[in-house]
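S.K.: no sequence for this one, just the structure:
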């Protein structure tokens with residue numbers, strides 16, 4: 001009898017079944033496209049799993065979106081049907097069968113005893129480490145060759161270019177070795193080996209003085225010691241025998257050393273890194289390699305390899321100790337610079353073009369200065385242990401004379417000296433930098449859509465769904481009879497249901513930065529030029545139009561209502577700096593770079609712990625790196641939470 005009573009509390013007779021009926025309604029409405037851990041609505045109370053994982057507990061948790069005194073006014077019902085303003089637009093047609101199913105579930109949640117809707121306490125477990133085989137990126141190849149051979153020729157710069165996948169160039173899906181890349185490795189190995197022994201052993205790669213080609217003691221010492229450095233672990237007996245045979249096929253000692261070195265530089269053991277392999281005896285060396293490439297973007301030094309050999313990397317304390325040592329070295333700047341270049345997409349500035357008459361100050365040298373400004377601000381905060389969230393809100397920057405002219409401020413006494421930005425410039429942090437404002441613009445005009453999308457994806461870690469196939473991206477032309485601003489032309493996005501659900505989430509962010517043109521210079525009005533017809537003798541006509549720079553970020557946690565309003569990059573930067581979503585996104589972006597992949601549910605605990613320690617440190621970037629490295633190496637203890 002008691003069991004039957006509790007069964008009625010869970011799902012009363014006549015109610016829709018959440019797993020069978022209700023969840024498919026949410027799927028058909030596309031709710032999971034935004035309401036997932038990395039969706040544009042990730043900060044709202046409606047959270048759906050990344051993959052199909054409908055459970056009764058999930059259905060019961062939706063009671064927080066139900067008005068128990070007036071079910072008709074429940075957000076769970078009124079938002080997707082468009083009866084209440086919804087950033088995602090109308091997802092379920094009022095009066096449809098789907099609405100009826102959802103209404104039944106809302107009625108159940110509104111009337112069921114609240115205790116029956118509470119989800120049981122659960123234990124959040126860290127997932128098992130994933131086995132990974134990662135190729136050296138081109139930057140890592142160059143750094144490794146530099147530290148291994150003392151060669152700074154940067155041969156990998158001429159390798160086939162790497163693609164950006166998931167925001168970075170080091171992600172698993174793009175790490176295949178194509179035939180062209182394999183050939184490039186072969187040619188590079190030959191050049192590097194030849195250069196290393198061009199005049200004997202001028203670089204000191206052989207740790208002993210050979211007495212002749214038959215000096216097997218010196219030969220084996222070289223093979224073992226260099227092999228340990230090149231493979232980031234000791235050679236196996238089979239590998240040693242292979243290189244001994246290859247070495248001895250030459251009639252001169254250094255010729256044998258050159259041949260063995262060339263072969264090692266083409267080995268998968270050199271070109272690939274194993275993380276979480278199956279051999280327990282190699283675990284310490286795998287951890288050493290992970291730490292070194294995470295912090296130095298290069299190969300482990302002898303001290304780190306020795307720590308691995310002694311078992312000192314088998315604990316969280318040991319990993320943290322070595323991570324801090326690596327961070328204190330100058331080489332740590334290499335990895336950070338590579339991360340910043342990818343995360344901020346500073347590569348987009350290379351080869352950028354602008355209409356010369358419209359932007360006479362724009363030069364290739366200026367784009368170099370743009371990238372340098374952004375890197376210098378970030379690196380100052382990182383290496384001087386400042387609050388990294390100032391990267392979004394800093395009212396100062398590091399300018400040269402060219403950038404100062406674009407910004408309309410007094411040039412600093414020295415190139416890239418620290419400059420306070422007057423309040424009337426409306427600039428602050430990365431959002432006020434010419435690098436961001438230029439990289440998200442078109443050759444002749446700004447792009448509020450591109451700017452808003454960049455903020456969503458790079459600074460809030462939110463994935464905006466791709467536009468439907470076949471959608472026209474052309475905006476209405478400007479005519480003499482109706483000269484309009486970019487904002488007014490973009491209204492076409494909001495008039496189409498297939499476009500408005502996404503553009504309403506990104507365009508308003510870009511609108512708040514419209515007082516900055518396509519090279520990041522401030523403007524009070526928008527000048528539009530209407531060109532005459534080809535055969536016409538009329539002259540171009542210019543119009544100076546007033547700008548509406550009111551913008552908002554729908555769904556930003558901590559803001560009043562559902563949208564955070566702003567009118568300038570300075571105001572938006574302050575909002576982002578104080579936003580939990582942005583703070584956690586910094587952690588996620590660092591994770592993605594360090595791990596070479598996007599996070600999964602199994603990584604949630606490590607990322608959550610790193611975010612907590614990042615916040616507790618006053619948002620010191622170095623502390624966040626230490627946390628990510630140690631907790632992704634040895635997952636933290638399970639945490640008890642309540643849904």
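M.R.: Done, it's in. These numbers were taken from a predicted model, which means no experiment stands behind them. Residues are numbered from 1 along each chain as shown.
S.K.: So what's the residue count around residue 64?
M.R.: By other CB atoms under 10 Å, the residues close to residue 64 number 11. Where you see a C-beta, it was placed from the backbone N, CA and C, and this is true even at glycine.
S.K.: Three-state assignment for it, please.
M.R.: Under DSSP: H, G, I helix; E, B strand; the rest coil, residue 64 falls in the helix class.
S.K.: hang on, isn't it packed against residue 45?
M.R.: Yes - applying CB atoms under 8 Å as the test, residue 64 and residue 45 come out as touching, 5.2 Å apart.
S.K.: Can you show me the helices along the stretch 351-500 of the chain?
M.R.: Taking DSSP state H, counting those that start in this stretch as the test, the helices found in the stretch 351-500 of the chain are 364-383, 390-393, 401-407, 434-439, 448-454, 486-489, 491-495, 497-511.
S.K.: Point out the most buried one among the ones you listed.
M.R.: By mean neighbour count, with neighbours taken as mean count of other CB atoms under 10 Å, helix 434-439 ranks first of those at a mean of 26.
S.K.: quick one: contacts of that helix?
M.R.: 344-346, 348-349, 352, 366-367, 370-371, 373-374, 403, 406-407, 430, 446, 451, 454, 513, 516-521, 569 (CB atoms under 8 Å, 6 or more residues apart in numbering).
S.K.: give me that answer again for 7 Å
M.R.: Outside of helix 434-439, the residues within contact range by CB atoms under 7 Å, 6 or more residues apart in numbering are 344-346, 348-349, 352, 370-371, 373-374, 403, 406, 430, 513, 516, 518-520.
S.K.: Equivalent analysis for stretch 34-47, please.
M.R.: The contact list for stretch 34-47 (CB under 7 Å, 6+ apart) reads 33, 48, 50, 64-65, 88, 456, 461-464, 505, 555-557, 581.
S.K.: So which of those residues wins on neighbours?
M.R.: residue 505 (27 neighbours).
S.K.: looking at it, residue 445 is touching residue 485, isn't it?
M.R.: No - using CB atoms under 7 Å, residue 445 makes no contact with residue 485, being 10.3 Å away.
S.K.: Quick one: low-confidence residue ranges for this structure.
M.R.: Scanning the chain for pLDDT under 70 picks out the ranges 1-15, 43, 50-53, 119-131, 276-278, 467-474, 493-498, 500-501, 557-563, 639-643.
S.K.: And the strands in it?
M.R.: Here the chain has its strands, by DSSP state E, at 122-124, 132-135, 272-275, 396-399, 417-420, 525-530, 541-546, 551-554, 563-566, 639-641.
S.K.: Of all the ones you listed, which one comes closest to residue 81?
M.R.: Residue 81 lies closest to strand 551-554 among the strands of the chain, at 18.0 Å (CB to CB).
S.K.: Show me what that closest one packs onto, helices and strands only.
M.R.: Here strand 551-554 touches helix 497-511, strand 563-566, going by 3 or more CB pairs under 7 Å, 6 or more residues apart in numbering; DSSP states H and E.
S.K.: show me what contacts residue 538?
M.R.: Taking CB under 7 Å, 6+ apart as the contact definition, residue 538 lies against residue 532.
S.K.: now the residue sitting nearest the centre point of the chain: how far from residue 599?
M.R.: In the chain, the centroid-proximal residue (CA atoms, centre = their mean) is residue 589; its distance is 3.6 Å. For residue 589, the distance to residue 599 equals 10 Å [CB to CB, to the nearest Å].
S.K.: cool, residue 210 as well?
M.R.: According to CB to CB, residue 210 stands 51 Å off from residue 599.
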